[in-house]
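> fold the stuff below for me.
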Amino acid sequence: MRHLKRLLLLILVVYLLPALASAGWWSLQNHPASWREANWGTSGVLPKADADADAGIYIMSASTGGLKGAVASHSWIVTKASGDTSYNRYDKVGWGSPIRRNNYVADAYWYSNTPHIVREISGAEAERLIPVVEAAIQSYPYAGVGDYRIYPGPNSNSFVAHVLRTVPDLGAVLPPDAVGRDFLTDGRMFEIDADGRDLHATLYGLVGIAAGQRSGFEVHFMGLVAGIDIANPGLKIPAFGRIGL
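You can find the predicted model right below:
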(Lines give C-alpha, C1' and ligand atoms only; values in the text may rest on other atoms or scores of the structure.)
Protein backbone atom coordinates (compact mmCIF):
# COMPACT_ATOMS: atom_id res chain seq x y z
CA MET A 1 0.00 0.00 0.00
CA ARG A 2 2.88 2.34 0.83
CA HIS A 3 4.42 1.76 -2.61
CA LEU A 4 1.09 2.43 -4.31
CA LYS A 5 0.75 5.74 -2.48
CA ARG A 6 4.26 6.72 -3.51
CA LEU A 7 3.50 5.83 -7.11
CA LEU A 8 0.32 7.90 -7.09
CA LEU A 9 2.17 10.83 -5.54
CA LEU A 10 4.85 10.56 -8.21
CA ILE A 11 2.23 10.57 -10.97
CA LEU A 12 0.56 13.59 -9.38
CA VAL A 13 3.78 15.61 -9.12
CA VAL A 14 5.41 14.63 -12.42
CA TYR A 15 2.39 14.47 -14.75
CA LEU A 16 -0.82 15.89 -13.34
CA LEU A 17 0.43 19.08 -11.70
CA PRO A 18 2.23 20.33 -14.85
CA ALA A 19 -0.85 19.48 -16.93
CA LEU A 20 -3.13 21.37 -14.53
CA ALA A 21 -0.74 24.34 -14.43
CA SER A 22 -0.63 24.45 -18.23
CA ALA A 23 -4.43 24.24 -18.40
CA GLY A 24 -4.74 27.13 -15.96
CA TRP A 25 -2.34 29.30 -17.96
CA TRP A 26 -4.08 28.34 -21.22
CA SER A 27 -7.49 29.34 -19.88
CA LEU A 28 -6.21 32.88 -19.26
CA GLN A 29 -5.24 33.40 -22.91
CA ASN A 30 -7.45 34.51 -25.77
CA HIS A 31 -8.40 31.69 -28.15
CA PRO A 32 -10.90 31.43 -31.02
CA ALA A 33 -14.29 30.07 -29.99
CA SER A 34 -14.40 27.63 -32.93
CA TRP A 35 -12.39 26.52 -35.95
CA ARG A 36 -14.43 28.92 -38.11
CA GLU A 37 -13.09 31.87 -36.15
CA ALA A 38 -9.49 30.63 -36.12
CA ASN A 39 -6.68 31.97 -38.29
CA TRP A 40 -5.49 29.32 -40.76
CA GLY A 41 -3.35 31.63 -42.90
CA THR A 42 0.41 31.68 -43.33
CA SER A 43 2.39 32.44 -40.19
CA GLY A 44 5.57 33.47 -42.00
CA VAL A 45 7.62 30.92 -40.05
CA LEU A 46 8.96 29.28 -43.23
CA PRO A 47 10.88 31.19 -45.89
CA LYS A 48 9.12 31.76 -49.19
CA ALA A 49 9.34 28.56 -51.20
CA ASP A 50 10.79 30.40 -54.18
CA ALA A 51 13.38 32.25 -52.09
CA ASP A 52 16.08 29.74 -53.07
CA ALA A 53 16.47 26.60 -55.14
CA ASP A 54 17.61 24.33 -52.30
CA ALA A 55 15.59 21.30 -51.24
CA GLY A 56 14.11 21.36 -47.75
CA ILE A 57 12.35 19.18 -45.19
CA TYR A 58 10.60 20.67 -42.17
CA ILE A 59 8.94 18.90 -39.26
CA MET A 60 6.37 21.36 -37.89
CA SER A 61 4.31 21.53 -34.71
CA ALA A 62 1.74 23.88 -33.18
CA SER A 63 -0.61 23.81 -30.20
CA THR A 64 -4.00 22.48 -31.13
CA GLY A 65 -7.41 24.06 -30.56
CA GLY A 66 -9.79 24.21 -27.61
CA LEU A 67 -8.81 23.09 -24.15
CA LYS A 68 -6.68 20.35 -25.76
CA GLY A 69 -4.18 23.05 -26.68
CA ALA A 70 -3.13 23.28 -23.03
CA VAL A 71 -1.52 19.85 -23.18
CA ALA A 72 -1.39 18.78 -26.83
CA SER A 73 -0.02 19.83 -30.19
CA HIS A 74 -0.56 18.94 -33.85
CA SER A 75 2.39 18.08 -36.09
CA TRP A 76 2.94 17.84 -39.84
CA ILE A 77 5.63 17.41 -42.51
CA VAL A 78 6.67 19.90 -45.19
CA THR A 79 8.95 19.11 -48.14
CA LYS A 80 10.35 21.05 -51.10
CA ALA A 81 12.43 19.41 -53.82
CA SER A 82 15.40 21.20 -55.35
CA GLY A 83 14.24 23.84 -57.80
CA ASP A 84 10.58 23.71 -56.71
CA THR A 85 8.79 26.99 -56.06
CA SER A 86 6.14 25.57 -53.75
CA TYR A 87 6.01 23.39 -50.64
CA ASN A 88 4.22 20.09 -50.12
CA ARG A 89 2.55 19.65 -46.75
CA TYR A 90 1.39 16.35 -45.27
CA ASP A 91 -1.04 16.12 -42.31
CA LYS A 92 -3.21 13.45 -40.82
CA VAL A 93 -6.65 14.76 -39.89
CA GLY A 94 -9.80 13.36 -38.33
CA TRP A 95 -12.22 13.56 -41.23
CA GLY A 96 -12.50 12.04 -44.70
CA SER A 97 -9.33 10.54 -46.10
CA PRO A 98 -6.93 11.07 -43.19
CA ILE A 99 -3.60 11.79 -44.95
CA ARG A 100 -3.95 15.22 -46.54
CA ARG A 101 -1.54 16.78 -49.02
CA ASN A 102 -1.53 20.56 -49.24
CA ASN A 103 -4.82 20.90 -47.42
CA TYR A 104 -3.31 23.90 -45.61
CA VAL A 105 -0.57 26.44 -46.27
CA ALA A 106 2.81 24.91 -45.39
CA ASP A 107 3.37 27.12 -42.32
CA ALA A 108 -0.25 27.94 -41.52
CA TYR A 109 -1.40 28.85 -38.04
CA TRP A 110 -3.15 25.90 -36.42
CA TYR A 111 -6.31 27.10 -34.68
CA SER A 112 -4.60 30.55 -34.61
CA ASN A 113 -1.55 29.08 -32.85
CA THR A 114 1.86 29.90 -34.31
CA PRO A 115 3.77 26.80 -35.47
CA HIS A 116 7.43 26.15 -34.81
CA ILE A 117 10.03 24.11 -36.65
CA VAL A 118 10.94 20.92 -34.80
CA ARG A 119 13.57 19.89 -37.33
CA GLU A 120 14.91 21.46 -40.53
CA ILE A 121 17.08 19.78 -43.18
CA SER A 122 18.16 21.52 -46.37
CA GLY A 123 20.34 21.10 -49.42
CA ALA A 124 21.69 17.80 -50.70
CA GLU A 125 20.70 15.89 -47.55
CA ALA A 126 17.09 17.00 -47.90
CA GLU A 127 17.11 16.09 -51.58
CA ARG A 128 18.34 12.60 -50.68
CA LEU A 129 15.76 12.10 -47.94
CA ILE A 130 12.62 13.46 -49.63
CA PRO A 131 11.91 10.23 -51.63
CA VAL A 132 12.51 8.18 -48.46
CA VAL A 133 10.15 10.42 -46.47
CA GLU A 134 7.47 10.19 -49.16
CA ALA A 135 7.81 6.39 -49.20
CA ALA A 136 7.38 6.34 -45.41
CA ILE A 137 4.27 8.51 -45.76
CA GLN A 138 2.86 6.09 -48.33
CA SER A 139 3.64 3.13 -46.07
CA TYR A 140 1.63 4.45 -43.12
CA PRO A 141 -0.97 1.75 -42.39
CA TYR A 142 -3.65 4.04 -40.91
CA ALA A 143 -4.39 5.98 -44.09
CA GLY A 144 -7.95 4.88 -44.81
CA VAL A 145 -11.26 6.55 -44.06
CA GLY A 146 -11.99 6.08 -40.38
CA ASP A 147 -8.34 5.37 -39.50
CA TYR A 148 -8.14 8.23 -37.03
CA ARG A 149 -8.63 8.29 -33.31
CA ILE A 150 -7.87 11.44 -31.40
CA TYR A 151 -6.72 9.54 -28.30
CA PRO A 152 -4.55 7.63 -27.72
CA GLY A 153 -4.03 7.25 -31.48
CA PRO A 154 -3.54 6.80 -34.33
CA ASN A 155 -3.79 10.56 -34.77
CA SER A 156 -1.80 13.32 -36.47
CA ASN A 157 1.21 12.87 -34.21
CA SER A 158 1.16 9.08 -34.56
CA PHE A 159 1.52 9.61 -38.33
CA VAL A 160 4.48 12.00 -38.13
CA ALA A 161 6.18 9.88 -35.44
CA HIS A 162 5.87 6.85 -37.75
CA VAL A 163 7.75 8.74 -40.45
CA LEU A 164 10.45 9.85 -37.99
CA ARG A 165 10.96 6.28 -36.74
CA THR A 166 11.03 4.92 -40.30
CA VAL A 167 13.48 7.60 -41.51
CA PRO A 168 15.85 8.03 -38.54
CA ASP A 169 18.20 10.15 -40.67
CA LEU A 170 15.72 12.97 -40.08
CA GLY A 171 17.25 13.04 -36.60
CA ALA A 172 14.18 14.18 -34.69
CA VAL A 173 11.53 13.19 -32.19
CA LEU A 174 8.29 15.10 -31.73
CA PRO A 175 7.86 17.44 -28.74
CA PRO A 176 6.62 15.95 -25.45
CA ASP A 177 3.19 17.56 -25.95
CA ALA A 178 2.64 15.71 -29.24
CA VAL A 179 0.04 13.41 -27.69
CA GLY A 180 -0.28 10.23 -29.76
CA ARG A 181 3.32 10.08 -30.92
CA ASP A 182 3.88 6.97 -28.79
CA PHE A 183 1.12 4.96 -30.48
CA LEU A 184 2.99 2.36 -32.53
CA THR A 185 1.76 1.07 -35.87
CA ASP A 186 -0.07 -2.23 -36.29
CA GLY A 187 -0.81 -2.41 -32.55
CA ARG A 188 2.80 -3.22 -31.71
CA MET A 189 3.98 -2.80 -28.14
CA PHE A 190 7.69 -2.69 -28.95
CA GLU A 191 9.64 -1.12 -31.79
CA ILE A 192 13.23 -0.21 -32.58
CA ASP A 193 13.97 2.61 -35.02
CA ALA A 194 15.32 1.61 -38.43
CA ASP A 195 18.89 2.49 -37.43
CA GLY A 196 18.67 0.70 -34.06
CA ARG A 197 19.44 3.84 -32.04
CA ASP A 198 16.07 4.35 -30.30
CA LEU A 199 13.65 1.86 -28.79
CA HIS A 200 10.01 2.28 -27.85
CA ALA A 201 7.83 0.16 -25.58
CA THR A 202 4.20 1.05 -25.03
CA LEU A 203 0.77 -0.22 -24.07
CA TYR A 204 -1.13 1.29 -27.03
CA GLY A 205 0.32 4.75 -26.38
CA LEU A 206 -1.07 4.93 -22.85
CA VAL A 207 1.88 3.83 -20.70
CA GLY A 208 5.41 3.21 -21.88
CA ILE A 209 9.02 4.27 -22.26
CA ALA A 210 11.38 5.42 -24.99
CA ALA A 211 15.15 5.47 -24.84
CA GLY A 212 18.01 6.12 -27.19
CA GLN A 213 20.17 8.65 -28.96
CA ARG A 214 17.29 10.82 -30.15
CA SER A 215 14.70 10.17 -27.45
CA GLY A 216 17.04 10.39 -24.47
CA PHE A 217 15.04 8.70 -21.74
CA GLU A 218 11.26 9.16 -21.54
CA VAL A 219 8.46 7.75 -19.41
CA HIS A 220 4.96 8.06 -20.86
CA PHE A 221 1.73 8.18 -18.90
CA MET A 222 -1.67 8.60 -20.57
CA GLY A 223 -0.13 10.49 -23.48
CA LEU A 224 1.95 12.80 -21.27
CA VAL A 225 5.74 12.61 -21.52
CA ALA A 226 8.41 13.22 -18.88
CA GLY A 227 12.06 12.65 -19.52
CA ILE A 228 15.62 13.78 -20.09
CA ASP A 229 17.14 14.83 -23.40
CA ILE A 230 20.74 13.63 -23.42
CA ALA A 231 22.09 14.56 -26.88
CA ASN A 232 20.86 18.14 -26.47
CA PRO A 233 20.67 18.43 -22.69
CA GLY A 234 17.23 19.35 -21.44
CA LEU A 235 14.14 18.27 -19.52
CA LYS A 236 10.91 17.05 -21.08
CA ILE A 237 8.04 18.30 -18.97
CA PRO A 238 4.45 17.09 -19.48
CA ALA A 239 2.22 19.66 -21.26
CA PHE A 240 4.98 22.31 -21.29
CA GLY A 241 7.42 20.60 -23.66
CA ARG A 242 11.18 20.56 -23.73
CA ILE A 243 13.24 23.00 -21.65
CA GLY A 244 16.94 23.21 -22.51
CA LEU A 245 19.57 23.17 -19.81
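> gap between residue 209 and residue 72?
Separation of residue 209 from residue 72 (C-beta to C-beta, to the nearest Å) stands at 20 Å. For glycine as for every other residue, the C-beta is placed from the backbone atoms N, C-alpha and C.
> element containing the nearest residue to residue 204 once chain neighbours are set aside?
Once flanking residues are discounted, residue 204 sits nearest to residue 152: 6.0 Å by C-beta to C-beta, 6 or more residues apart in numbering. Element membership for residue 152, per DSSP states H and E: none, as it lies in no helix or strand.
> contacting residues for residue 152?
Neighbour list for residue 152: 179-180, 182-183, 204-206, 222-223 [criterion: C-beta atoms under 8 Å, 6 or more residues apart in numbering].
> where does the residue nearest to residue 113 when sequence neighbours are not counted land on pLDDT?
Counting by C-beta to C-beta, 6+ apart, residue 63 is the residue found nearest to residue 113 once chain neighbours are left out, at 4.2 Å. pLDDT, the model's per-residue confidence, is 95 for residue 63.
> my guess is residue 63 contacts residue 38. True?
No. Look at residue 63 against residue 38 with C-beta atoms under 8 Å: they stay out of range, at 11.6 Å.
> off-centre distance for the top helix by length along the chain?
Criterion DSSP state H: the longest helix present in the chain is helix 124-139. The chain centre lies 18 Å from the centre of helix 124-139; the measure is C-alpha atoms, centre = their mean, to the nearest Å.
> buried stuff in that helix?
126-127, 129-130, 132-134, 136-137 (16 or more other C-beta atoms under 10 Å).
> and those residues as TSV, adding pLDDT?
Below are the buried residues of helix 124-139 laid out as TSV (pLDDT from 0 to 100):
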residue	pLDDT
126	97
127	97
129	98
130	98
132	97
133	98
134	96
136	96
137	96
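> just to revisit the earlier point, between residue 63 and residue 38, which is the more surrounded one?
Applying other C-beta atoms under 10 Å to residue 63 and residue 38 shows that residue 63 carries more neighbours, namely 22 against 16.
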